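# Need a 3D model of the following:
(2 chains)
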Amino acid sequence: MNRVFLAALRCEWLKRRRSLGAWLVIAGAFFTPAIIVLVRLVRRAGLPQLYADPQFWTLHWRNAWESMAIFFMPMAAILATSLVVQIETRNNAWKQVHALPLHTATIFFAKFAVILLMLAQFLLLFVFGVWLSAVLPALLPGGVAVPPAPPLRQFFADTALYYLDCLPIVAAQYLLSLRFNHFVAPIGMGFLAWVAALSALSWEHANLVPYAYTMLDFLRDNPEARRAVVSSGMHGLALGWFLLLTAAGYVVFATKAQKG
Amino acid sequence: MLCLETSNLCHRYSAAEAVLHDIALAVPQASIYGFLGPNGAGKTTTLRLLLGLMRKQRGSISIFGRNLDTHRVEILRQVGSLIESPSLYEHLTAAENLALLQRIHRVPAARIAEVLERVGLGGARDKRAGAFSLGMKQRLGIAAALLHRPALLILDEPTNGLDPNGIIEIRALLTALNREEGTTILVSSHLLAEVERLASHVGIVHRGRLLFQGTLEALRRERHGAARVALHTADDSHALRVLADAGIAAHGSEHGLLLPPMPPPHIAALNRRLVEQGVEVYAIGAEGGDLESIFMNLIGSRAA
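The predicted model follows:
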């Protein structure tokens, strides 16, 4: 990583300070864990049985990822990407960005890297929140033992794969946000694409839909899924979509006739 | 020696709408170049092309003797700019807005306080830009353009939104930068008086065409050529006959009778003659010499 790119990255990272996107990452990451804590506090009578289960961490992890993989993670990717790009549009700042002594690729990838870092931050906070949501109900009402150390290696391995699954959504949203100035357009299209992916889950070619991978990843081993989902080779396909959509986004960005 | 030079610069937004025709700017090194023209004349389009903010369609741009197409990044390292409204991140403070640029330009952090002080925002460094007045935003935009001590400043109507005192301060700041640091300044404006007080060189653009380019002194000569003597009388037709007898070409207008420019003693003699011939003279004054008149004069002379 050269010095210019690092400087551009630090500059982009500072821009997200106090922004809506930055708050969304924190609030979104802790939302599901907070709900889990709340539900367990309300249904505290069932805690001893739950915490005594030898499969406690597996059940807890799966429980936490259900809403995350299906809804919150795609939504976070859609919203955070659009909001980060929107910082420039809303502040009429693209013209200043393009008048800086930076190559087009540096501008494009520095901002993209910040979005990817924010997504990583979102997932790390979520993992921390999942651990916290297991520990807090045991500590607050008492009566149950604090669970043993979680299988962190497994957690991080799963999280890394979910991160990979989400990359096509980020790349697609980045492309749309760079293409359309008004933030409603990329968010609206992203939401429609998510609904379409949700509808396509039981389709035989669902593993070709770029917005579907986090959902497929969660559902593939789920015995409660109504029918088997087609998830073969999805991580490779996710990576392929990510690279393709990133390249398309760069072409859109670099060939804009009006820069700001 | 020229700091900035364009040739045959043309631009059109659509097949039917050409906004620039063969613009050939020549901005001398260490000058303050006033780029003058009414709203919609093509000033901002030209400045955006100079910064690479629009895809160039025809012509060439050379800054610091280098072609913008092939040396854009190297050139922009030495250019500070403020195009249209300032680009500020409203959720960040004034100091944070400059810190973004400080990282890119790799200037010492102390420079942030220095430029804020210089534009009169020393006391507002920790205030969010979103809470700034229009004038304060404009000052912060200028501070951002100055941060890395650029050799060339490109400012698009930099005094927009400033109160009269602010305008004087910014003008003094730009003059000092030019004098003390040798910064070349290309500043656009639609106000002739503004440019006259600041610029050493002037380019006048109208409907996408560069009608005049030269020193301020040369513009003043053009301005003199555009000036007329305006005569208000009780009986214009009688006055026209008297003037015709005296060999003076005059014509009526909404401003009264317009006469070619003449030295003051001739005006006094003419007044005497009119009065002697029984024409009641209400007022004699100067007409023209404003931007519009210069435009009309320039357009007329180019058409001739």
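
# Break down the stretch 1-150 of chain A into its helices, ranges please.
For the stretch 1-150 of chain A, the helices defined by DSSP state H, counting those that start in this stretch occupy A:3-15, A:20-42, A:47-52, A:56-67, A:73-90, A:94-98, A:104-139.

# Show me which parts of stretch B:251-270 are buried, residue by residue.
For stretch B:251-270, a neighbour-count test (16 or more other C-beta atoms under 10 Å in any protein chain shown) marks B:256, B:257, B:258, B:259, B:261, B:267, B:270 as buried. C-betas here are computed from N, CA, C, even on glycine.

# Could you work out the most separated pair of those?
Maximum pairwise distance among these (C-beta to C-beta): 15.3 Å, between B:256 and B:261.

# Close to chain A: what parts of the stretch 1-150 of chain B are there?
When proximity is defined as C-beta under 8 Å from any C-beta of the partner chain, the stretch 1-150 of chain B approaches chain A at B:48, B:51-55, B:73-74, B:76-77, B:79, B:81, B:83-85, B:87-92, B:96, B:99-101, B:103-106, B:144.

# Please, a PyMOL command that selects the buried ones among these?
Only the buried entries of these go into this PyMOL selection, using 16+ other C-beta under 10 Å:
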select buried, chain B and resi 48+51+52+53+54+76+77+79+81+83+84+85+87+88+89+90+91+92+96+99+100+101+103+104+105+144
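
# Out of the residues of the stretch 1-150 of chain B next to chain A, name the ones that lie in helices.
Counting by DSSP state H, these place B:48, B:73, B:74, B:76, B:96, B:99, B:100, B:101, B:103, B:104, B:105, B:144 in helices.

# I figured the second one was touching residue A:103, is that so?
Yes. Here residue B:73 reaches residue A:103: they are 6.1 Å apart, a contact under C-beta atoms under 8 Å.

# could you pull out the strands for the stretch 101-250 of chain B?
With DSSP state E, counting those that start in this stretch as the definition, the stretch 101-250 of chain B shows strands at residue ranges B:152-156, B:184-189, B:201-206, B:209-215, B:228-233.

# Quick check: which of these is nearest to chain A?
With distances scored as C-beta to the nearest C-beta, the stretch of the strands of the stretch 101-250 of chain B nearest to chain A is strand B:152-156 (8.6 Å).

# tilt between that closest one and strand B:184-189?
With axes from the mean of the first three to the mean of the last three C-alpha atoms, to 10 degrees defining the directions, strand B:152-156 sits at 10 degrees from strand B:184-189.

# and strand B:152-156, how far out from the chain's middle?
Centre-to-centre, strand B:152-156 and its host chain are 11 Å apart (C-alpha atoms, centre = their mean, to the nearest Å).

# just checking, what packs against it?
With contacts taken as 3 or more C-beta pairs under 8 Å, 6 or more residues apart in numbering or on different chains; DSSP states H and E, strand B:152-156 sits against helix B:43-50, strand B:79-82, helix B:134-146, helix B:164-181, strand B:184-189.

# Any buried residues in stretch A:118-131, and which?
Neighbour counts over stretch A:118-131 (16+ other C-beta under 10 Å) mark A:118, A:119, A:122, A:123, A:125, A:126, A:127, A:129, A:130, A:131 as buried.

# OK, contacts around residue A:190?
A:78, A:82, A:169, A:172, A:173, A:176, A:211 (C-beta atoms under 8 Å, 6 or more residues apart in numbering or on different chains).

# Kindly recompute the last result at 7 Å.
Residue A:190 is in contact with A:78, A:173, A:176, counting by C-beta atoms under 7 Å, 6 or more residues apart in numbering or on different chains.

# same deal with residue A:170?
A:77, A:81, A:115, A:116, A:119.

# How is chain B partitioned into domains?
The record's domain parsing of chain B by automatic domain parsing lists B:2-214, B:228-287.

# Quickly, which of these bottoms out on average pLDDT?
Ranked by mean pLDDT, those bottom out at domain B:228-287, with a mean of 88.

# excluding its backbone neighbours, what's nearest residue B:199?
Leaving aside its sequence neighbours, residue B:199 sits nearest to residue B:34 (C-beta to C-beta, 6 or more residues apart in numbering or on different chains; 3.3 Å).

# That's all I had, so thanks and see you.
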